[in-house]
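>>> everything below, folded, please.
(one chain, ligands or ions: 1)
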Amino acid sequence: MTGHTADLVVLGGGSGGYAAALRAAELGRSVIVIEKEKVGGTCLHRGCVPTKALLHSAEVADHVRESASVGVTATLQGIDMAGVTAYRENIVAKKYKGLEGLLAARGITVVTGVGRLVEGPAVSVGDDLYRGTDIVLATGSYSRLLPGLEAGGRVLRSEEALALSEVPSRVIILGGGVIGVEFASVWRSFGAEVTIVEALDHLVPNEDVTLSKALERAYRKRGISARLGTRFASVSQTDDDVTVTLEDGSTLVADYLLVAVGRGPATADLGLEGAGVTLERGFVTVDEHLRTSVPHVWAVGDIVPGLQLAHRGFQQGIFVAEHIAGLAPVAVPEHTIPRVTYSRPEVASVGLTEAQARAEHGDRVATYEYNLAGNAKSEIIGTAGIVKVVRAIDGPVLGVHLVGERVGELITEGQLAVAWEAHPEDLAPLIHAHPTQSEALGEAFLALAGKPLHAL
Ligand SMILES: Cc1cc2nc3c(=O)[nH]c(=O)nc-3n(C[C@H](O)[C@H](O)[C@H](O)COP(=O)(O)OP(=O)(O)OC[C@H]3O[C@@H](n4cnc5c(N)ncnc54)[C@H](O)[C@@H]3O)c2cc1C
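Numbers count the residues shown, from 1 in each chain. Here you go, the predicted model:
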């Protein structure tokens with residue numbers, strides 16, 4: 001075996017892994033990243049970035065369709081999937097090139113190959129052994145399937161759905177979480193008939209129920225049907241279509257079935273348990289500093305239990321790199337991480353839902369819902385929606401929950417309020433520019449501080 005050494009060896013070059021590598025290099029450490037495919041990982045190549053490009057194409061299609069309502073004459077002639085694909089791939093290619101350049105500029109060595117953890121700690125890749133003073137595990141996640149359900153043919157996972165070269169005329173989506181509702185949004189805007197099947201009682205079931213209900217209303221209006229509280233039983237396919245049978249005995253027929261039932265940790269066959277790393281249901285067990293059960297072996301990103309989001313991976317990567325370098329980084333509590341679903345309308349939240357706040361604080365909770373119907377900018381862009389703020393009575397903002405077009409861009413203000421434990425009374429004097437959608441948040445803070453302006 002050929003031996004190599006570095007201060008830090010990172011296994012997996014996705015959001016969490018490359019963030020750890022970049023920060024460690026910035027702090028003067030020698031770094032090797034081992035990546036079996038392309039640096040950038042799921043988020044850049046198969047997740048966040050390409051899906052948001054698709055959603056943007058979808059939004060443009062809707063705007064063209066609705067152009068007459070704002071006095072613009074335009075006709076939607078169709079969706080050119082080759083053009084959509086070229087646009088999406090071009091964005092990913094540019095960001096990939098940028099990331100490769102950044103890693104090279106920081107002097108980081110990227111090794112292409114499948115790595116396995118071995119005692120030492122070290123990572124083996126074929127006949128090479130990469131020994132690190134510290135190792136960061138960042139191997140990400142994979143699309144889960146249900147028992148009895150195999151991907152292939154007309155049964156898609158998000159990876160295949162992204163690469164589809166046609167606009168389907170009918171689609172069934174299994175799973176009403178973030179990925180499911182985002183694809184539903186895209187396909188509906190492109191003209192498909194879409195049915196979402198969700199076992200729980202609501203779409204985006206992890207969100208405050210006010211947002212779930214608002215999204216369900218908006219989707220009904222858009223002609224997206226949702227079979228809520230309904231379980232999948234089986235699927236069969238022919239060359240032409242796919243038939244899904246539900247546990248209530250009903251069947252649905254479509255061109256494709258997208259399975260979007262969550263993502264599992266990619267920790268199999270990595271040699272983790274053999275090297276002494278403790279796993280729980282496949283996830284890597286870590287302490288509050290993201291240390292695994294093996295000294296000098298750390299874990300970040302989707303393999304660590306919690307929110308599976310790229311920006312959480314970035315933050316964890318930075319945290320670990322700084323910790324290794326002897327700095328004293330502050331761990332970001334999970335509830336202060338913003339969550340955005342980029343459907344039409346968007347759903348964005350941070351902090352506790354009303355139900356979670358009541359479970360923690362009992363009756364000492366107040367909420368306020370500001371309807372975007374009262375917000376001039378929302379009226380101008382033609383979106384309905386709600387801003388909901390949850391506070392502790394005589395205490396700080398505990399949660400901010402938004403639904404409406406473009407509200408994802410507003411969640412940062414909610415994050416500051418929740419993370420800094422601001423009271424609505426502290427926020428009320430901070431005026432918001434007019435006319436912006438951010439005013440709706442300002443109105444909710446004013447109302448919770450007892451002085452509503454454009455509300456009762
Ligand atoms: C369709 C979709 C849309 C999404 N949209 C968003 C979004 O809008 N916003 C958001 O925040 N998050 C989004 N996510 C989630 C986001 O992509 C993940 O949270 C993020 O990529 C996790 O980063 P990671 O570093 O843990 O893993 P990954 O990004 O998955 O990176 C892991 C890397 O490790 C490599 N690897 C694995 N095993 C080995 C091995 N043995 N040897 C070498 N390399 C290996 C893989 O090839 C991969 O490149 C989306 C995900 C999907 C699927």
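>>> contacts and neighbour counts: CA atoms only from here.
Will do.
>>> Three-state assignment for Arg312, please.
Under DSSP: H, G, I helix; E, B strand; the rest coil, the three-state class of Arg312 is helix.
>>> against the ligand, how distant is it?
Distance of Arg312 to the ligand, given as Cα to the nearest ligand atom, to the nearest Å: 7 Å.
>>> helices and strands around the host helix or strand of Ser185, which ones?
In this assignment (DSSP states H and E), Ser185 forms part of helix 178-189. Here helix 178-189 is seen to pack against helix 48-65, strand 170-174, strand 193-198 when contacts are counted using 3 or more Cα pairs under 8 Å, 6 or more residues apart in numbering; DSSP states H and E.
>>> sec struct for Val111, please.
Per three-state DSSP, Val111 ends up strand.
>>> which strand residues bridge it?
Ile34 (DSSP bridges).
>>> which residues touch it?
Listed by Cα atoms under 8 Å, 6 or more residues apart in numbering, the contact partners of Val111 are Ile32, Val33, Ile34, Glu35.
>>> switch to 7 Å and redo it
Going by Cα atoms under 7 Å, 6 or more residues apart in numbering, Val111 touches Val33, Ile34, Glu35.
>>> next, count neighbours for the second one.
As a burial measure, Ile34 scores 28 neighbours (other Cα atoms under 10 Å).
>>> now do the same end-to-end measure for stretch 23-30.
11 Å (Cα to Cα, to the nearest Å).
>>> for it, give me every contacting residue.
Ala6, Asp7, Leu8, Val31, Arg106, Ile108, Ile318, Ala321.
>>> mind redoing it with 8 Å?
Contacts of stretch 23-30 (Cα under 8 Å, 6+ apart): Ala6, Asp7, Leu8, Val31, Arg106, Gly107, Ile108, Gly317, Ile318, Ala321, Glu322, Ala325.
>>> what angle do helix 48-65 and the longest helix along the chain make with each other?
When the chain is parsed with DSSP state H, its longest helix is helix 81-105. Between helix 81-105 and helix 48-65, the angle comes out at 140 degrees (axes from the mean of the first three to the mean of the last three Cα atoms, to 10 degrees).
>>> helix 81-105: how far from the chain's middle?
Distance, stretch centre to chain centre, for helix 81-105: 19 Å (Cα atoms, centre = their mean, to the nearest Å).
>>> same question, stretch 205-224
18 Å.
>>> and that stretch, what's its mean pLDDT?
Summarised as a single mean, pLDDT over stretch 205-224 is 98.
>>> quick one: buried residues of that stretch?
205, 207-216, 218-219, 224 (16 or more other Cα atoms under 10 Å).
>>> in helices, which of these appear?
Val209, Thr210, Leu211, Ser212, Lys213, Ala214, Leu215, Glu216, Ala218, Tyr219.
>>> rewinding a little: name the residues that touch the helix holding Ser185?
51, 54-55, 58-59, 61-62, 158, 167-168, 173-174, 193-196, 203-204, 222-224, 258-261, 341-344.
>>> helices of the chain, start to end?
15-26, 41-45, 48-65, 81-105, 158-163, 178-189, 209-222, 310-324, 354-361, 376-381, 411-419, 424-427, 438-448.
>>> reformat the ones you listed as CSV; add distance to Tyr130.
Output for these, formatted as CSV (distance: least, Cα to Cα, whole Å):
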stretch, distance to Tyr130
helix 15-26, 15
helix 41-45, 21
helix 48-65, 30
helix 81-105, 18
helix 158-163, 31
helix 178-189, 36
helix 209-222, 47
helix 310-324, 18
helix 354-361, 45
helix 376-381, 54
helix 411-419, 39
helix 424-427, 51
helix 438-448, 49
